[in-house]
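> need the 3D shape of this:
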Amino acid sequence: MSDLKHGSEAVSPAISVAPAWSEVTALGESNYRIRLGGAFGSAWLANLCRGLASQRISIERAHAMRAPNLSWGAELHVCALPGAPHPEKLPLLQLVAAEIQELGKLEIDRYELSASTAHGGTLHLVIEAADTLGLLGSLLAQLAQLALFPIEMHIETRQGRAEDSLWLFTTQAARPPQELEDALGRILAAATSAP
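Here you go, the predicted model:
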């Protein structure tokens, strides 16, 4: 049996990884819950969030985490904006696999970046920003360009404000090295001072 690939990580044949799945539940006239799970590539969250934004679907709340067997579980609460298709009709697993076409503009009001022992050594990133369509996708795309990916994230929108918390890892080292932390700091500082 050959190894299953997860981004640039190989999954041992002895580790059981469930096939990818998704489900959408309507919660109201334009509100939906999206659940996904399975083994996805490292940048899958960036791809999914950019894809949803391109369809005018706003993420209001989300939690995602990678399990020790490298499979993911995610739940997103979304709002379909005027002109958006019904999320039940979207090929979610195709969005997960789609390549990021552009980074998008990133503007945030505040951030905190610190080393964390969570998940064996990660960078903990907290941001606050005005909630705009595509904010999360732009953030995740910028992170993916640095080969930084969330291993866990909590996304919350309150009264038009995004309050996001992400634990970042890299597939290249046990914990993100200082040079990646510094590079991310520069991107975040530029996004904070953006006009």
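
> use CA for all of it now, contacts and neighbours both
Fine.

> so what pLDDT did the residue at minimal distance from the centre of the chain get?
Centroid-nearest residue in the chain: L45, 3.5 Å away (criterion: Cα atoms, centre = their mean). At L45, the predicted lDDT confidence score is 94.

> which residues touch Q55?
Residues counted as contacts of Q55 (Cα atoms under 8 Å, 6 or more residues apart in numbering) are A84, P85.

> can you give me the helices for the chain?
For the chain, the helices defined by DSSP state H occupy 44-54, 92-97, 135-145, 178-192.

> in CSV, list these along with distance to L123.
Shown next, in CSV, are these (distance: least, Cα to Cα, whole Å):
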stretch, distance to L123
helix 44-54, 17
helix 92-97, 23
helix 135-145, 12
helix 178-192, 8
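
> winner for burial among these?
Per-stretch averages of neighbours, counted by mean count of other Cα atoms under 10 Å, single out helix 44-54 among the helices of the chain, with a mean of 24.

> show me what that helix is packed up against.
Helix 44-54 sits against helix 92-97, helix 135-145, with contacts defined as 3 or more Cα pairs under 8 Å, 6 or more residues apart in numbering; DSSP states H and E.

> and these: which comes nearest C49?
Closest of the helices and strands packed on helix 44-54 to C49 is helix 135-145, at 4.6 Å (criterion: Cα to Cα).

> return that closest one as CSV; C-alpha atoms alone will do.
The C-alpha trace of helix 135-145 is given here as CSV (Å, rounded to 0.1, in the frame of the first residue of the first chain):
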residue,chain,number,x,y,z
LEU,A,135,-10.6,38.7,5.0
LEU,A,136,-10.0,35.1,6.2
GLY,A,137,-9.1,33.8,2.8
SER,A,138,-6.6,36.7,2.2
LEU,A,139,-5.0,36.0,5.6
LEU,A,140,-4.7,32.3,5.0
ALA,A,141,-3.4,32.9,1.4
GLN,A,142,-0.7,35.2,2.8
LEU,A,143,0.2,32.5,5.4
ALA,A,144,0.3,29.8,2.8
GLN,A,145,2.8,31.9,0.7
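
> show residues contacting that helix.
With Cα under 8 Å, 6+ apart, helix 135-145 has contacts from 43, 45-50, 53, 100, 102-107, 149, 184.
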